[in-house]
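**Q** Sequence and predicted structure are below.
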Amino acid sequence: MQKKITKAVIPAAGLGTRFLPATKALPKEMLPVVDKPAIQYVVEEAVEAGLEDVLMIVGRGKDALTNHFDRVLELEDTLERKGDLARLKRVNASSDLADVHFVRQGDPKGLGHAVLRAKNHVGDQPFAVLLGDDLIDERDPLLSLMLDEQVARQATIIALMEVPPESIHMYGAAAVEATDNPDVVRVTGLVEKPDAADAPSNLALIGRYVLRPEVFAVLEKTPPGKGGEIQLTDALQVLAADPSIAGGVYGVVFRGRRYDTGDRADYIKAIVQLAVEREDLGLELRPWLKDFVHTLE
């Protein structure tokens, strides 16, 4: 019987060039979304789904990530002496979230290579991969559904989302067949960032995966693909084409709220969307936003 899935892998070695110069000295994963860095939302999502063993794949210059999930005794002491217990609780939350580990990617050879770096930590059990550019609203479950499907089907599970056909070139696209569940499809093929005319569907891969350990052997044999990098999508294509390797690939179609923090405009939209729905900020922001929109007209 398969053990309970407990491990999450979060690739966080990217340079964040789209956010320069802000990311010249600050990892893009540490850019704040309201008052928490983006990476904390991702770790919280993993923990909420029961994954408390988190491995981050990092590169040079990512010390801020390590520091964020560590204790800061001087800050804690200062807040405690001031009696600022609310802020102290929020500061402690990040260091108490999960058992967080770090490993260097070394050469920036792509997402597939980053996932491969998790092999020794993961071992021979299924595991989840969460990309930091995609924030999933905590009110719309996705990862827990994917974990359930993995146990039920003993297969690789990926997250899919419908996007406008003219936007599919920015994603991996899936060719699919229906199953008995309208929210789950069998994936028969995958294409990394296809032209709209060549895309098999408008179902795009978003940054959540539940992988079987067989993916490591496939990644070790996967040559560099688009962009000269080892693409995880190419390895998933091998698994989809030959279900005998690891049970095939299935997609959970996500219809909830997703925030893209990898693009500057979408990053700003994510902050606004999350802030207006918060109890401590929404009452002030919503009327201000309505007035501001009228000034644009």
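**A** Ah, there it is.
**Q** Wait, Pro108 touches Pro11, no?
**A** No: in this structure, Pro108 is not within contact of Pro11 by CB atoms under 8 Å, at 10.7 Å. Where you see a C-beta, it was placed from the backbone N, CA and C, and this is true even at glycine.
**Q** Looking at those two, which is more packed in?
**A** Pro11 (27 against 13; other CB atoms under 10 Å).
**Q** Helix, strand or coil: sort out the more buried one for me.
**A** Here Pro11 is recorded as strand under DSSP: H, G, I helix; E, B strand; the rest coil.
**Q** quick one: low-confidence parts of the stretch 51-200 of the chain?
**A** Counting by pLDDT under 70, the stretch 51-200 of the chain contains no low-confidence range.
**Q** now do 90
**A** Along the stretch 51-200 of the chain, the parts satisfying pLDDT under 90 run over 59-63, 66-67, 69-77, 79-99, 104-110, 132-134, 137-139, 165-167, 169-173, 190-199.
**Q** Let me see the ranges of the strands in the protein.
**A** According to DSSP state E, the chain carries its strands in the segments 7-12, 32-33, 36-37, 53-58, 99-104, 127-130, 134-136, 156-162, 172-178, 184-192, 203-211, 249-253, 258-260.
**Q** Now render these as JSON lines, adding distance to Lys82.
**A** Converted to JSON lines, the strands of the chain look like this (distance: least, CB to CB, whole Å):
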{"stretch": "strand 7-12", "distance to Lys82": "32"}
{"stretch": "strand 32-33", "distance to Lys82": "22"}
{"stretch": "strand 36-37", "distance to Lys82": "21"}
{"stretch": "strand 53-58", "distance to Lys82": "31"}
{"stretch": "strand 99-104", "distance to Lys82": "27"}
{"stretch": "strand 127-130", "distance to Lys82": "35"}
{"stretch": "strand 134-136", "distance to Lys82": "31"}
{"stretch": "strand 156-162", "distance to Lys82": "43"}
{"stretch": "strand 172-178", "distance to Lys82": "49"}
{"stretch": "strand 184-192", "distance to Lys82": "51"}
{"stretch": "strand 203-211", "distance to Lys82": "39"}
{"stretch": "strand 249-253", "distance to Lys82": "46"}
{"stretch": "strand 258-260", "distance to Lys82": "33"}
